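Novice: with the sequence up front, the predicted model follows.
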Amino acid sequence: SDAQWKRAMACYKSRKFGKASLRVIFIGRLSRAKNADVVLKGVAVANQSGANLVCTVVGDGPEQTRLRRLAEELNLVSQVEFLGFLQHEQVLDQLERADILALVSESEGWPKAIVEAMAFGLICIGSDRGLVPHFLADGRGVVVPVGEVNALADALCQMSTNRDQLLPMSNAAAQWARQFSLERFGDELRFLLESHWHIRLADSERTDVANASHFPARRLS
């Protein structure tokens, strides 16, 4: 919402990326398809290479026990916290704490978690699936091949080492994400559908749709 956007804007404008340990966050259902294990492995490899990262895992699901065991095997217990399922406002609290979102799922459609993280100025790393490459294009984030632990670790190491590159990326991400506030999303979706179908939806209040006068009004059933 616009109110939550104001909170996000205050957060991203105060970001410095200067603290000793950057915090990586995963948000999503703990299923195999979400590849939370790849995130844990990527953090472990990056830390072995000299990065100083901690990790927060938000969500629950059938993989939770396996992921906790994996954190022990990777000697990450002191660097990883599992918070389980959180209400939306609590998730926003965690976005304020975090620096990097890693969401490297096997498949993604319209990844809400990435857009919310971008709004808060997090540096987002996503897999090359769905709309993620479009979201993170033009310096707004980083895309890695799905399932590639070393590619994720390399990206994390680069972020840990080159802190001066993070603030411009954070600003670009936050400014881009603003278009997806709830108040604006309905208009954006209507514009997309009307442009794609070359019609004007009934009861449309938009006046800026390209060639709107040439679109016959039509109600979808």
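Specialist: Arrived safely, thanks for sending. Numbering: from 1, shown residues only.
Novice: so where's the protein uncertain?
Specialist: Low-confidence segments of the chain (pLDDT under 70): 181-185, 188, 192, 203-221.
Novice: ok, now with 80
Specialist: 1-2, 180-193, 196, 202-221 (pLDDT under 80).
Novice: got a list of what Leu40 touches?
Specialist: Cys55, Val57, Leu67, Leu70, Ala71, Leu74, Leu76, Val80 (Cβ atoms under 8 Å, 6 or more residues apart in numbering). C-beta here means a position set from N, CA and C on the backbone, and glycine is covered the same way.
Novice: give me the number of residues near Gln175?
Specialist: 15 (other Cβ atoms under 10 Å).
Novice: show residues contacting the helix or strand hosting it.
Specialist: Per DSSP states H and E, Gln175 falls inside helix 166-177. Applying Cβ under 8 Å, 6+ apart, the contact partners of helix 166-177 are 8-9, 12, 15-17, 99, 115-116, 118-124, 135-136, 138-141, 159.
Novice: try it again with 6 Å
Specialist: Tyr12, Arg15, Phe17, Val115, Met118, Ala119, Gly121, Ile123, Gly139, Arg140 (Cβ atoms under 6 Å, 6 or more residues apart in numbering).
Novice: show me where this protein has its helices.
Specialist: Remark: helices assigned in the chain by DSSP state H are 2-13, 36-48, 64-73, 88-97, 112-119, 132-135, 149-161, 166-177, 182-197.
Novice: follow-up on the earlier one: report the two of the contacts of Leu40 separated the most.
Specialist: Within these, two members stand farthest from each other by Cβ to Cβ: Val57 and Leu74, at 12.9 Å.
Novice: so for these two, which sits in the more crowded spot?
Specialist: Higher neighbour count among Val57 and Leu74: Val57, with 23 against 18, using other Cβ under 10 Å.
Novice: in the sheet, who's paired with the more buried one?
Specialist: Beta-bridge partners for Val57, by DSSP bridges, are Phe26, Phe82.
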